[in-house]
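# Attaching a predicted model along with its sequence, questions to come.
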Amino acid sequence: AGEEGEQQEGTTGTAGTQGTNEHSEDGSAGTPSPGEGGGEGAGEGAGDEGLGRGSSEAQWAPQGVVGHAGLFGTARDLWRLGVEWLAPGRLLKPEGVAAALSGGGPFALGWWRRTLRGSAGRALPPTAFGHTGFAGNSFWIDPQGRRLFVMLASRRDPAMDMNRWRRRFHRLAQLAFEREAAR
């Protein structure tokens, strides 16, 4: 079967939390870093989760954020990580990146591979790879076009289909890239 019949990817973990992930002795979350905004839990006003705190109850442990809770970082952090995967050398070795992305199937080492019905959609090329989070975040790398796609979100309803929004984001971002290139 072609790409239309490929497995639909799911979402795992929680991504995009801003601020520090430090906790006091009583287990309460640390304060957000100055100047950071957006991301999961941000801009929610008077709720229990504010800037610097994620919304997943499964992410917290008495000692801090647990490892299975997903990828935490700012848009800038994700951009920096993406740049390293596009041009390894500072943290990653080129041969390590090539090995991690080799092979077939729906996954590379730690990454989803692009599928039409998954979060990437038609806007990204077949060589694209990415990571998604339960809260709706999307981090995709297009090595062919040398482009990065970072979307931070804050989904609360697990029944909400975030892949629809991710595909829309990728399509609109790709259009913006194309318009900019045409200038």
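Ah, there it is.
# Which residues are in contact with the closest residue to Ala153 other than its chain neighbours?
Leaving out its chain neighbours, the residue that sits closest to Ala153 by C-beta to C-beta, 6 or more residues apart in numbering is Gly136, at 3.0 Å. Quick note: C-beta positions are derived from backbone N, CA and C, even for glycine. By C-beta atoms under 8 Å, 6 or more residues apart in numbering, the residues touching Gly136 are 11, 151, 153-155, 160, 162, 165-166.
# can we see that at 7 Å?
Applying C-beta atoms under 7 Å, 6 or more residues apart in numbering, we find Gly136 in contact with 153-155, 162, 165.
# Got a PyMOL select line for the buried ones in those residues?
Buried residues within those, by 16 or more other C-beta atoms under 10 Å, are selected in PyMOL with:
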select buried, resi 153+154+155+162+165
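# okay if I get the contacts of Gly136 as JSON lines plus pLDDT, distance to Pro126 and secondary structure?
Below are the contacts of Gly136 laid out as JSON lines (pLDDT from 0 to 100; distance: C-beta to C-beta, whole Å; DSSP: H, G, I helix; E, B strand; the rest coil):
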{"residue": "Ala153", "pLDDT": "86", "distance to Pro126": "25", "secondary structure": "coil"}
{"residue": "Ser154", "pLDDT": "81", "distance to Pro126": "30", "secondary structure": "coil"}
{"residue": "Arg155", "pLDDT": "82", "distance to Pro126": "27", "secondary structure": "coil"}
{"residue": "Met162", "pLDDT": "91", "distance to Pro126": "22", "secondary structure": "helix"}
{"residue": "Trp165", "pLDDT": "92", "distance to Pro126": "22", "secondary structure": "helix"}
